[in-house]
Structure formats: structure tokens, C-alpha cells
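Trainee: quick check, what structure comes out for this input:
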Amino acid sequence: MKRIILLAVIMSAFLFQQASAQLKVHVNLNLGRQPVWGPTGYDRANYYYLPDIDSYYDINKSQFIYHRRNHWVFANRLPRQYRNFDLYNGYKVVVNEPRPYLHADVYRNKYRNNKAPHERQMAIRDSKEEKYYQVKGHPMHNQWMRNHPDNRNGHDRDHDRH
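Mentor: Residues are numbered from 1 along each chain as shown. All right, here's what the predicted structure looks like:
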């Protein structure tokens, strides 16, 4: 009986360890995809809402989304009228909802008071936390890649399999 209990405890510990390892991979879902101008503090983010210019950024597709002439435009760059917008210092709201731009009025109303002036958010580029070094464009990215030869393009190979 004692052997069965001991075996059950060992199996439980092993399963807990496996679940914890899988959770860690899942939580770090797209940190390496976030742009260096993105805010620190989020291991996972699908979109940023930029209330100062009423635009969105799709992190996984690396695209800006903005409204023009009654339709949403998806582009690699912001439109000309926002060329002077400072992505590093502009306020960003992390949104983990599919296609938040389809609910633009909700986000406009909720964050209209967050337009400048607002609290400074630390950009990923300026962070000294090692977990952000995997982000391409971070000043420490090349050194991080040399120290982590199992990674490519800032993404963990095990993560890419999930």
C-alpha cells in the first residue's frame, strides 16, 4: 500500500512539473513577436490599441490597422498623417480580443481619456529584463541569440511546434 501511495505522489509531482512547463511555453506565446516600441509587462499580446491616433497594431501580422474613408486599412506603416507619431512614447493598450477594431467605439469610449498626457510606459527596447532580449531590435538581441543557439528569429523552436 505504501508503494502505491509513493508511486502516486511521484506521478503527481511529475505531471505537475510537465503541466508547469507547458504553461510557461503557452504564457510566452508571442513575446518575441512584439515590436521593440511595445510596452513591457505583457508576455502575450494580440493587438495594441493606440488611442492617441485611434489605430490598432496587429502583433502577429506586424500590421497597423486604421480607419480611412469608412473602411479599415491594414498596412505595414502608419498613414502619412501619423508619420510624426512617436510609437515609443505614445500610449498603448494591450488588447487580447480577436479583431478589436470591429468594436472601435467601445475602445474609443473606454480610452478617450487616456490620450496624452499619460503615464510613461517603458518600451521593450529600453527594458533590462532578459526575457525582452529575444525581441528583434532590442539592443541586447544579438547577444541573446548567441547565448541561445536553439532559438531562431527570436522564437523558441519548442514553442513553434505548439
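Trainee: need phi/psi at the residue nearest the centre of the chain.
Mentor: Centroid-nearest residue in the chain: residue 45, 3.6 Å away (criterion: Cα atoms, centre = their mean). Backbone torsions of residue 45, given as degrees, to the nearest 10, read phi -150, psi 130.
Trainee: cool, and residue 127?
Mentor: Dihedral angles for residue 127 - degrees, to the nearest 10 - are phi -80, psi 140.
Trainee: which one is it nearest to, not counting chain neighbours?
Mentor: Nearest non-adjacent residue to residue 127, counting by Cβ to Cβ, 6 or more residues apart in numbering: residue 40, 4.8 Å away. For the C-beta atoms, the positions are set from N, CA and C on the backbone; glycine is no exception.
Trainee: for residue 48, see how far away the one you found is.
Mentor: Distance check for residue 40 against residue 48: by Cβ to Cβ, to the nearest Å, it reads 13 Å.
Trainee: more neighbours: which of these two?
Mentor: A count of neighbours by other Cβ atoms under 10 Å puts residue 48 above the other of residue 40 and residue 48, at 25 against 16.
Trainee: give the contact list for the more buried one.
Mentor: 38-39, 56-57, 59, 92-95 (Cβ atoms under 8 Å, 6 or more residues apart in numbering).
Trainee: try 6 Å
Mentor: Listed by Cβ atoms under 6 Å, 6 or more residues apart in numbering, the contact set of residue 48 reads 57, 92.
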